[in-house]
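**Q** Need coordinates for the following:
(2 chains)
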Amino acid sequence: MSQQIDARQRSYVHYYCPCPDVSKSNNNTGEDEEEDIVESIPDFDVNSPRIHFSTFPISKLYFCDDCHQIRCPRCVQEEIVCYYCPNCLFEVPTASVKSERNRCARNCFQCPICQNTLTVVASTEPPPPQPSASSNSSASTTSGAPYYLSCGVCRWDSQEIGMTFEKATGLALQLQKTEDERPDVKEFDHLKDHFEKHLRLSAPSTTLPSSLLSIPGISSFSNRYGGGGFTHPQQKSDDVAKYNNTIKIENDDNLVHDLVQLKDVNQITTLTQRMNQLSDQPYKVERLQPQRIHLRTKRVKRCRSCRHILIKPEQKAQATRFKIKLVALNHIPKLTITSLPKLFLNQSTEIILKFSNPLYEEIIVDLALKKDETTETTEYAKIKLLAPHFNITPYNEVWEYDEQDFNISSKGRPSSTASAPKPDIGIYERRGNYTSVKIEITPLAEVDELKVRESTPTTKSLFFWTVIGLGPVVNPATVKPPAPTRSPLTNNNSNVAPTRTNIN
Amino acid sequence: MEPPIVYYPRSEYIETDTGNKVSRKSVICGSQNIILGGKTIIQTDCVIRGDLRRTGGGHAVVVAIGRYCLLAKGSIIRPPYKTYKGIFSYYPMKIGDHVTIGEGSIVEAATIGSFVHIGKNCVIGRFAIIKDCCRIEDNTVIPPNTVVPSFSIYEGSPGMFVDELPECVQDLYEAKTKDYYSKFQSKDS
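**A** Model (predicted):
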């Protein structure tokens, strides 16, 4: 019973994005190039470890309308739309992001011990309101000053390091003075002044928008994908004068002496704590200070070949809607495994795959394991597609409101909206906007994870491979099923059955 | 993998006009202060404390739950409390639409947005704010006063940000909760 659940949880359908093979897949228009696409999409080996990095569940994929191709998270270009603080959800204008060093400028701080958010607490509780308060009533404290920060998780508070505030708001501003006095900040400002002159003189006219430049590492993207005009920094450093550092920090000889004398390891900071305070990375826990919280971004995602926008979120930081949302879930059929009985060695089992059509038009699906083959025998299993060619009726929003159609009453009986009255071989069920087909699998090897590769071209000539993981294969001869020895990443005994669906 | 059809004994659940399915074995306190959005499922051994309300007369809503929500077995929903200016009071709690709360989870958050998936055995601390389209993995402990921004995955104890959710998560969770509701069927036992 638990193995059944385990097998079901380990089963998946992942889609393959051929972005590593950049030269082969370009924007084909489609109808007349079906054979070309068949030839051009290379046969891929499910057993290679790199497959794990090229296959994605459909929820993570995007679809470019212009190129008519699937795009994966690795092959989209990102641009920053807005910055916001993940704690106060306040949108920070792009201009002040740089001056605030990508951190929240309000009251959001991170506990130096456990990296959770700190709350602002008053030192003294204001007294409860008296029912009869006269103007002469003794008020012990007017407000709760001084304020301090307190962590709800590890019970750390800023009074331990002597950090208190006079007002409850604008804490970052109150800390601004001490922050500007830090040696690393002063040094960085000097460096900026030194290089700013040269930057302005030799400013290249970049074709990239400035929002792209704020992401580190995006320059390598632009060089690779043909964004010209961004000059290499090495060319600039030739004519820059030598920089002499102005700030000198003394070596702390006492530190070594103190560390040697330590008895308790809890007095030393952990690596995480040290790396969160990059300015001085203290060894002693007393020298840790609460850091302001890093900002998060909302990003626009673009297709890498045609620069068409795939995802465009709304400008407001708190909105979760999207102005443009071209996700694969709305354009290509979604494959799910409806029934997965336990796979036994040398025993032929039928699994049922459900293809859902998200479009408003009918699509015709052609499945194939290899090129135009419907059966395949690899060393791991024998696979037979029982329904290589079928169509899926379009999606109709009326079904959202009509609950009757969605109730699964009896298996195999087509509803009134089904098209083909005559029995189709291999088609298990045709209802609403989905069709379920049967695939017969006979595992020949006892493996931890059985993978099946299918390729699916659509009649608008969209073609994609899918990898279907079916979970472990059990040898009925043994009393207990073998415990999985290797993780699915390394153990790639998989059935590769490329199926192609043609979506019309 | 498609989720299977889940059957429940017809006698155990009450089905309201708006399609809510509430188990008789759940503990619902103060049901006049609880609002269920419609087509919400409350399973066995759930505890909803609608009786913990702030003092003051009138008809106050303590717990408001949206549509197509799922409160799995053994989950506990109680409103958060605070002592402010010497007065102890409970604050109302709002849960959005299409929210799944896993088995055994304890939720004391101030607000939970829509399209949220909370895993099993989670503890959501007091006055936590979970925005729309988030995912809290199993066995996570969210500390009090945490803000979980949209499209994030939180995991661990204390819950930390680990990953971002894809943009289509709204459609995904909506379809998942509707699918679960349609597959949660009664059976005469």
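
**Q** got any ranges where chain B has weak pLDDT?
**A** Where chain B drops to pLDDT under 70, the residues are B:189.

**Q** And the residue nearest the centre of it?
**A** Nearest to the mean C-alpha position of chain B, by Cα atoms, centre = their mean, lies B:Ile101 at 4.7 Å.

**Q** secondary structure element for A:Asn254?
**A** Using DSSP states H and E, A:Asn254 maps to helix A:253-260.

**Q** The residue nearest to the centre of chain B bridge partners, please.
**A** Note on B:Ile101: beta-bridge partners by DSSP bridges are B:Leu71, B:Ile118.

**Q** so what's it up against?
**A** B:Cys69, B:Leu70, B:Leu71, B:Ala72, B:Ser75, B:Ile77, B:Val107, B:Ile118 (Cβ atoms under 8 Å, 6 or more residues apart in numbering or on different chains). The way it works is simple: take the backbone N, C-alpha and C, and place the C-beta from them, glycine included.

**Q** ok, how many other residues are close to A:Leu343?
**A** 21 (other Cβ atoms under 10 Å in any protein chain shown).

**Q** Next one: it from chain B, what distance?
**A** For A:Leu343, the distance to chain B (Cβ to the nearest Cβ, to the nearest Å) stands at 14 Å.

**Q** Which residue comes closest to that residue once chain neighbours are left out?
**A** Nearest residue to A:Leu343 in three dimensions, chain neighbours excluded: A:Val473, at 4.6 Å (Cβ to Cβ, 6 or more residues apart in numbering or on different chains).

**Q** how about B:Val123, phi and psi?
**A** phi -130, psi 120 (degrees, to the nearest 10).

**Q** Enumerate the helices of chain A by residue range, in sequence order.
**A** A:2-10, A:34-40, A:51-54, A:94-99, A:171-180, A:183-201, A:210-213, A:218-224, A:233-237, A:253-260, A:271-276, A:398-401, A:403-406 (DSSP state H).

**Q** Least reliable of those by average pLDDT, please.
**A** Per-stretch mean pLDDT for these is lowest at helix A:34-40 (a mean of 40).

**Q** so which residue of chain B comes closest to chain A?
**A** B:Gly86 (3.1 Å; Cβ to the nearest Cβ).

**Q** hmm, back to that, need the contacts of B:Ile101 in a markdown table with neighbour count, can you?
**A** Output for the contacts of B:Ile101, formatted as a markdown table (neighbours: other Cβ atoms under 10 Å in any protein chain shown):
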| residue | neighbour count |
| --- | --- |
| B:Cys69 | 26 |
| B:Leu70 | 23 |
| B:Leu71 | 29 |
| B:Ala72 | 20 |
| B:Ser75 | 25 |
| B:Ile77 | 26 |
| B:Val107 | 27 |
| B:Ile118 | 28 |
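
**Q** what helices or strands is the host helix or strand of B:Gly37 leaning on?
**A** In this structure, B:Gly37 is located in strand B:34-38 according to DSSP H and E. Judged by 3 or more Cβ pairs under 8 Å, 6 or more residues apart in numbering or on different chains; DSSP states H and E, the packing partners of strand B:34-38 are strand B:63-67.

**Q** Recalculate using a threshold of 10 Å.
**A** strand B:21-23, strand B:47-49, strand B:63-67, strand B:93-95 (3 or more Cβ pairs under 10 Å, 6 or more residues apart in numbering or on different chains; DSSP states H and E).

**Q** For A:Asn251, which of these is the nearest?
**A** A:Asn251 sits nearest to strand B:93-95 of all those, at 54.9 Å, using Cβ to Cβ.

**Q** Quick one: check that closest one for contact with chain A.
**A** No: Strand B:93-95 stays clear of chain A (Cβ under 10 Å from any Cβ of the partner chain), getting no nearer than 15.6 Å.

**Q** so A:Val153 makes contact with B:Val123?
**A** No: counting by Cβ atoms under 10 Å, A:Val153 does not reach B:Val123; the two are 11.9 Å apart.
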